[in-house]
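K.L.:
can you look at this prediction? I've put the sequence above it.
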Protein chains: 2
Amino acid sequence: MLLETYKVACSNCNLRELCMPIGLSQEELQKLDDVVATRRKVSQGETLYRNGDSFTSLYAIRTGFFKTCVSSQDGREQVTGFQMAGEIIGLDGITSDHHNCNAVALEDAEVCVMPFANVEEMSREFPVLQRHVHKIMSREIVRDQGVMMLLGNMRAEERLSAFLLNLVQRLNARGFSRSELVLRMTREEIGSYLGMKLETVSRTFSKFSDEGIIEVKQRWVKILKPDALKRIFDPDSFC
Amino acid sequence: MLLETYKVACSNCNLRELCMPIGLSQEELQKLDDVVATRRKVSQGETLYRNGDSFTSLYAIRTGFFKTCVSSQDGREQVTGFQMAGEIIGLDGITSDHHNCNAVALEDAEVCVMPFANVEEMSREFPVLQRHVHKIMSREIVRDQGVMMLLGNMRAEERLSAFLLNLVQRLNARGFSRSELVLRMTREEIGSYLGMKLETVSRTFSKFSDEGIIEVKQRWVKILKPDALKRIFDPDSFC
DNA sequence: GCAGATACTTGACCTGCATCAATACAGAAA
DNA sequence: TTTCTGTATTGATGCAGGTCAAGTATCTGC
């Protein structure tokens, strides 16, 4: 964990469209700079926070890739999400003032530390920010509902299809290719997220590959027939 | 849908410990009365809101019992939760200004309508309320993570056990028995929530009954050996 | 280069739950 | 009371995905 002392600024961060409310004036943005206290580097494999840690801050991911996961007493682990640049993590800690899951960096990462007291104070002052914070939390709730649908109703192929389409769509929003991606997580982590075993993940990848829908080489994936994937299951088109 | 015109008051509502921040003075509570605009009755089988409806308000359940559910294009339905008196629903609507699931009354119900604009305005004025709103949303996120664990990792018996223990614990917090309950939902709805078919729900009930852990007669359930249930799976004891 | 560790793939077999189907039960209406 | 309708139970059978196991690929450090 490294603390950097130079002042960080949302106002000239190229991710601000992703993590800040849109349509703010330069002036307003500068006032919001104070929400972020510091930045923190988290190297691959390290945790940003753990279940049980006391909650003080939300984190905006600047670079890198995270997973969040919960575990039961008997050691079974459930990955609850994968997060990338511009996304906010730590919301789980608000209810009980301590974190309720682990956030692990899947590649070297840097986050903006936003003490929650600052967030709340600024929210009271700027209705736009207040609304934005509410939207972010609500978005997480809606995402979780989608995962429930996936886990409760979908079959292996549908799950993996939805997973790939969702990932590539979010990467695309960040300027990456819409058809090619490098997975940051293992088959086991994908499986945990999707409620299936790593062997099934692997087999399903192979099946898609055999059918010419995707090309896979370990972590590298190329989507050859996006429409075929969407026909299997399109996460964007819920009723 | 009935709109009642008399002014409603949180300040003398016997559910305020469940839905309002604790430790407010009588005076503060009276100011917060303005959060609630009206009450609304929803009779059994009717929806409080539907997927796609424009979002304007949160709802505090005064009496009755709800389910929330999402569905995919092809008609598969996923129950995302069951809500009872004192709980807040509608949070899913904040992100996109329209609701993202259906809320259906499973028995005749009455809710307090809290226009979200009021909630936000009051939140700016009362930091305690602001924190409370954040906690409620965060609690929902944590609950959802628990459901993901259930759906992703647990077997039928563990799911049903966790479900029963959770229900009875929430009912107990509302003054009901800790060992006896009447289910407000069908086997199919339980199954949808827990990611299993209604036949499996029924069989699992029968199995628990054969083992003397519970007594079941249709919707009426009596928990004979709570410890045995907890040994199967205790939702309260996550790591 | 090699050795070891970790991640991934693939095959063979097994099982928990789904599916299909028949029957029973309970509440509502006639 | 009977009939109707929605709900619940229980049995028989099948299969998607889990489990176990062997082998391969990739990366790291020496």
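P.N.:
On my side now, so go ahead.
K.L.:
look up how far DNA strand C lies from A:Gly75.
P.N.:
16 Å (CB to the nearest atom of the strand, to the nearest Å). (Glycine included, C-beta is placed from N, CA and C.)
K.L.:
using the three-state scheme, assign that residue.
P.N.:
coil (DSSP: H, G, I helix; E, B strand; the rest coil).
K.L.:
other residues contacting stretch A:197-213?
P.N.:
Stretch A:197-213 has contacts (CB atoms under 8 Å, 6 or more residues apart in numbering or on different chains) with A:156-157, A:160-161, A:186-188, A:190-191, A:194, A:196, A:214-216, A:221, A:223-225, A:228-229.
K.L.:
buried ones in the longest helix along chain A?
P.N.:
When chain A is parsed with DSSP state H, its longest helix is helix A:127-153. Residues A:129-130, A:132-134, A:136-153 are the ones in helix A:127-153 that count as buried (16 or more other CB atoms under 10 Å in any protein chain shown).
K.L.:
residue closest to the middle of chain A?
P.N.:
A:Gln83 (1.7 Å; CA atoms, centre = their mean).
K.L.:
measure that one to A:Ala109 for me?
P.N.:
10 Å (CB to CB, to the nearest Å).
K.L.:
which neighbours do these two have in common?
P.N.:
In contact with both A:Gln83 and A:Ala109: A:61, A:65-66, using CB under 8 Å, 6+ apart.
K.L.:
just curious, which of those is nearest to A:Leu24?
P.N.:
A:Ile61 (20.1 Å; CB to CB).
K.L.:
that closest one belongs to a strand?
P.N.:
Yes: counting by three-state DSSP, A:Ile61 is part of a strand.
K.L.:
let me see the ranges of the helices in chain A.
P.N.:
So, for chain A - with DSSP H - the helices run A:16-19, A:26-32, A:116-125, A:127-153, A:156-173, A:187-194, A:198-210, A:226-232.
K.L.:
report pLDDT for the nearest residue to the residue nearest to the centre of chain A once chain neighbours are set aside.
P.N.:
Spatial nearest neighbour of A:Gln83, excluding adjacent residues (CB to CB, 6 or more residues apart in numbering or on different chains): A:Phe66 at 4.5 Å. Note for A:Phe66: predicted pLDDT of 97.
K.L.:
can you report how many residues neighbour A:Phe66?
P.N.:
25 (other CB atoms under 10 Å in any protein chain shown).
K.L.:
and what of A:Asp74?
P.N.:
Going by other CB under 10 Å, the residues that sit close to A:Asp74 add up to 9.
K.L.:
does A:Phe116 really touch A:Thr95, like I thought?
P.N.:
No: assessed by CB atoms under 8 Å, A:Phe116 is found out of contact with A:Thr95, at 11.9 Å.
K.L.:
one step back: let me know the closest of the shared contacts of A:Gln83 and A:Ala109 to A:Ser177.
P.N.:
So of the shared contacts of A:Gln83 and A:Ala109, ranked by how close each gets to A:Ser177 (CB to CB), first place is A:Phe65, at 15.9 Å.
K.L.:
quick check: residues of chain A near DNA strand C?
P.N.:
Within chain A, the positions near DNA strand C by CB under 7 Å from any atom of the strand are A:183, A:186-188, A:198-199, A:201-203, A:205-206, A:216, A:218-219.
K.L.:
go again using 6 Å as the cut-off
P.N.:
A:186-188, A:198-199, A:202-203, A:205-206, A:216, A:218-219 (CB under 6 Å from any atom of the strand).
K.L.:
now the residues you listed: which count as buried?
P.N.:
By 16+ other CB under 10 Å, those give A:187, A:205 as buried.
K.L.:
I'd like the residues of chain A next to DNA strand C as a markdown table, with pLDDT and distance to A:Gly45 appended.
P.N.:
A markdown table is the format used below for the residues of chain A next to DNA strand C (pLDDT from 0 to 100; distance: CB to CB, whole Å):
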| residue | pLDDT | distance to A:Gly45 |
| --- | --- | --- |
| A:Thr186 | 97 | 12 |
| A:Arg187 | 97 | 17 |
| A:Glu188 | 97 | 14 |
| A:Leu198 | 97 | 18 |
| A:Glu199 | 97 | 24 |
| A:Ser202 | 97 | 22 |
| A:Arg203 | 97 | 27 |
| A:Phe205 | 98 | 24 |
| A:Ser206 | 97 | 28 |
| A:Val216 | 95 | 24 |
| A:Gln218 | 89 | 18 |
| A:Arg219 | 95 | 16 |
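K.L.:
what subset of the residues of chain A next to DNA strand C is also close to DNA strand D?
P.N.:
Okay, of these touching DNA strand D (CB under 6 Å from any atom of the strand), that's A:199, A:218.
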